[in-house]
Every structure is written in C-alpha cells, then in structure tokens.
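Student: below: sequence and its predicted model.
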Amino acid sequence: MDKLLISGGKPLAGEIRISGAKNSALPILAGTLLVDGKAILSNLPHLHDITTMIELLGCLGVHVVVDENMLVEVDSRPVTGFTAPYDLVKTMRASILVLGPLVARFGEANVSFPGGCQIGSRPVDLHLRGLEMMGATIEIDGGYIRARAPKGLRGSHIFLDTVTVGGTENLMMAASLARGKTVIENAAREPEIVDLAKFINAMGGDVRGAGTDTLTINGVEKLSGGSYRIMPDRIETGTYLAAAAATRGRVKLKDTDPRLLEAVILKLEEAGAEVTQGDDWITLDTKGKRPRAVSLKTAPYPAFPTDMQSQLMTVIAVSEGVGRVIETIFENRLIQAHELNRMGAAISLEGNTAIVTGVEKLKGAPVMASDLRASASLVIAGLVAEGETLVDRIYHIDRGYECIEEKLQQLGADIRRVTS
Ligand code: UD1
C-alpha cells in the first residue's frame, strides 16, 4: 500500500497550478446523464473519485472518451442501465448524485444506499424527500434506493430543512427535466452549486438564483449538449495556502479563483500571513514568521468550509497562542487531532470543539490518514515537523488531491511516495 514519506522542517516556496474542482466535477459528470447529446468537459482533475464516477457512468452504458489532456466527451444517449451498484457507491458517496438525473431522464433509478463514513452518518433523506415531492416513488429494498417516475417528474416547491450541498445538486438536476417550475428554498450556496447550474444552463437548461438560498428551475423538454469548463478547486487552493502558512513559507497559486475563498483567506490573514490576489492567482507570504492562533467555526458557504477545517487545525497547532475549532457540519470530523497529538500537538476535544494550544515544534511520526481532508492536515503537519513522517492510507489523499507529492516537491518539499 502506498504511503507518503515526508522529511519536514522546510518552508514551502514557489508556484504551482491549481486543478479543476473535484466537488464540481463529480456532480457535473453525474449531470451529463441529463443530456440528450454530447457534453464536452474540460479542466477535470485527474483523481480517483473522478475515475470512479466515470466508471459508474460506463456501467450505466454512457460513452465516455477521455483524451490525454483530461478533455472528456460524454454521450449518455446509449444509456441502458439504471443501477449504481454497491461496489462503486461504497467507495464514493457522491455516486448518490446519479439518482436525480436518472429518475428525471429515464423514470427509473436504483442506487445503492450510501452508508455512513468516517466523518459522520451522512443521511440522504432530504434528497429522497425532494424527489418524492416531484412525484417520484421511492422504495428502499435490499440496500438499494429504488426511485420510479414513469410519467416523468413534476415541478414542486421544496424547502430543505438542512442546508445540503449534495441534496441541492440532486434536486436541481432532477428539476431541470421536470414538467414546470421547481423552487428550492434554503438551498446550499456553495460555488460548486453555481458551477453545476452554469453547466446545466450551458447544456440548454434554465436554472436561476444559484449562489443564493432560493433556486428557481424551469424544467425543459431536453438538454441537448455543449461544452463546459470546470471551475478551479477552492479546497485544493486553501490546502496549499494553509501548508505555506504552517511552514512559514510563501507560495503563488495559479489558475485558481481567490474570490471563492474569502472566509479562509481572512483566517490566514488573521494568523499573520500576507495575502495578495488577482483574478486567477493568489499569493501567501508569511515573511518567515510563526502564525498566530486563530479560532474558527465551520458552517455552510460563505462561512468557513468544513473541508478546510483540518488543514487550519494544523496551522493553529504550530501557532503562537490558543485557538478553538468548532465543527458544525459533520459530527466526527475532528479525529485528526489524535494523530496530530502523536506528532507533539496539544489539542483537546470537547464535543464538537477542539481546543488547540499552539506548540513551537511538531515531531515526525508514522501517522494514519482517516479521510480525505484529515489526510491533508497530516501531510501539512509532516511538512512542518522535525524529522520523518510516514503517512499511511494515502488512498484517501489520492481521492481529492491531484499529484500532491509532485506539487509539494515543486514548492521545495522533501516528500515522496513509497510502496510497502
Ligand atoms: C459535500 C461535499 C463535501 C463537503 C460537504 C459540506 C461533495 C462531493 N462533497 O458533501 O466535501 O464536506 O458538502 O460542505 O461535494 N444532511 C442531512 N440529510 C440529507 C443530506 C445531508 O441531514 O439528506 C446533513 C449531513 O449529514 C451534514 C449536512 O447535512 O450534516 C451537510 O451535508 P451535505 O452538504 O449534504 O454534504 P455532502 O453533499 O455529502
């Protein structure tokens, strides 16, 4: 199994390019099931989760052609199957995103029920309730969600009890082929929702209000195809900024969109880093200084993203002072604290709050990645720590970070992949 071996203690310095956004590419790939024609996608990141989604489309009968630049041509006209099998869904919960498109376009979908995962129980009740409101019948049978709408879906007025990114995406996609108008209230406002809406509109759909908490979707007869470029990955961007802040370095990140990262940039500035930004680039410079501790609370966009919480925890762990990290989205997402403590951090957990007392130094140690973003926090800790850190179970990292060791090497880090 692959591991990452990091020899820490060097400030990151240099520039790299940011990849396309995983959390945009996944729903957009699922959204190609709505298209009665060809969808051409660019700026897809080269990641395990993307390969899994392409494999899932393939098993439904979709034709997918990927060229060497990751330009992907998707043709869902030949679809013959409507089942997302357990084997794929268990490796990637985002497989649930094919549910809405399949039932909207073909009147039928069978998707293995995604279980919980390391970071929490992650139910999909709101996805299912919304589809029922649009006229689908839903049965849970043999571990599968079976959705049926033989006469098509109809527009509806939906209020989401909890702000859910995946739920908003599934229902937006389903509504784009429903008869009439759908209004989704208390919708998620994440930039990935905006990207998906732009994709649907580029294919011939009519989604309005994306980026606000009320979406209005006028269903169309069909989406007939077109081209779309996936937006840059804001979480990858934030992760490299956090790595630079923790190692007292300076980095320039290109092909990104700093406007999507306001809450994260504010925290890094509060920690003492100097940030400058242009339309598609951002730089962070610590001037070699140790960060100051900051406190943060995760919440839906535009507040501080849960997907950046663990990386900032590592920054705070080596800061001057004490910071509190409150996680409000997922119930079990502070677990990286235990691994960080094995490296010399001083973090105590009280319910959904981590109290992080900054230490001068971390010490390299063998550590175990438990989920995607937690693994990124351990890599950052390894970059800061004195001595060697061996990060195990890095398949989590490969799900979400394109060429992480190459990019970090470009920034001067001593990191390599080892197989044992
Ligand atoms: C997406 C992101 C993930 C990110 C998360 C929150 C993708 C592929 N994944 O996950 O990286 O951490 O948003 O920003 O884009 N909930 C319910 N019922 C539902 C659905 C959700 O109670 O039917 C709850 C969840 O348990 C959680 C909260 O709502 O507590 C937010 O989850 P949600 O926004 O749906 O996360 P995902 O879409 O799974």
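Tutor: In hand now; what should we look at?

Student: only C-alpha atoms from now on, for both contacts and neighbour counts.
Tutor: OK.

Student: surely residue 175 and residue 217 touch.
Tutor: Yes - look at residue 175 against residue 217 with Cα atoms under 8 Å: they come within range, at 6.3 Å.

Student: neighbour-wise, which of these two wins?
Tutor: Between residue 175 and residue 217, residue 175 has the larger neighbour count (other Cα atoms under 10 Å), namely 33 against 28.

Student: and residue 77, helix, strand or coil?
Tutor: coil (DSSP: H, G, I helix; E, B strand; the rest coil).

Student: just for the stretch 151-300 of the chain, where's the confidence low?
Tutor: Scanning the stretch 151-300 of the chain for pLDDT under 70 picks out no residues.

Student: just the helices in it please.
Tutor: 165-175, 191-202, 234-246, 262-270 (DSSP state H, counting those that start in this stretch).

Student: which strands and helices sit next to the first one?
Tutor: In this structure, helix 165-175 packs against helix 99-106, helix 125-133, strand 181-185, helix 191-202, strand 214-218, with contacts taken as 3 or more Cα pairs under 8 Å, 6 or more residues apart in numbering; DSSP states H and E.

Student: what does this protein put close to the ligand?
Tutor: Within the chain, the residues that sit near the ligand (Cα under 6 Å from any ligand atom) are 23, 94, 122-127, 162-167, 306-307, 329-330.

Student: quick one: contacts for residue 70?
Tutor: Residue 70 sits next to 42-46 when contact means Cα atoms under 8 Å, 6 or more residues apart in numbering.

Student: now, the most widely separated pair of the residues you listed?
Tutor: Farthest-apart pair in the contacts of residue 70 is 42 and 46; separation 11.3 Å (Cα to Cα).

Student: just to revisit the earlier point, common neighbours of residue 175 and residue 217, please.
Tutor: With Cα under 8 Å, 6+ apart, residue 175 and residue 217 have common neighbours 181-182.

Student: tally of neighbours for residue 69?
Tutor: Using other Cα under 10 Å, residue 69 has 11 neighbouring residues.

Student: how much space between it and residue 18?
Tutor: Distance, residue 69 to residue 18, using Cα to Cα, to the nearest Å: 15 Å.

Student: pull out the buried positions in stretch 142-157.
Tutor: Neighbour counts over stretch 142-157 (16 or more other Cα atoms under 10 Å) mark 144-149, 152-156 as buried.

Student: how about the strands of the stretch 251-400 of the chain, start to end?
Tutor: 274-277, 281-285, 296-297, 322-326, 346-350, 353-357, 366-368, 388-392 (DSSP state E, counting those that start in this stretch).

Student: and the fourth one, which residues are buried?
Tutor: Of the residues in strand 322-326, those buried under the neighbour-count criterion (16+ other Cα under 10 Å) are 322-326.

Student: re the thing from before, please work out which of the helices and strands packed on helix 165-175 is packed deepest.
Tutor: helix 99-106 (a mean of 27; mean count of other Cα atoms under 10 Å).

Student: how far off helix 99-106 does the helix or strand following that helix point, in degrees?
Tutor: Once helix 99-106 ends, the next helix or strand along the chain (criterion: DSSP states H and E) is strand 108-112. Relative orientation of strand 108-112 and helix 99-106, computed by axes from the mean of the first three to the mean of the last three Cα atoms, to 10 degrees: 160 degrees.

Student: give me the residues contacting strand 108-112.
Tutor: Residues from elsewhere that reach strand 108-112 (Cα under 8 Å, 6+ apart): 82-86, 89, 96, 98-99, 102-103, 143-150.
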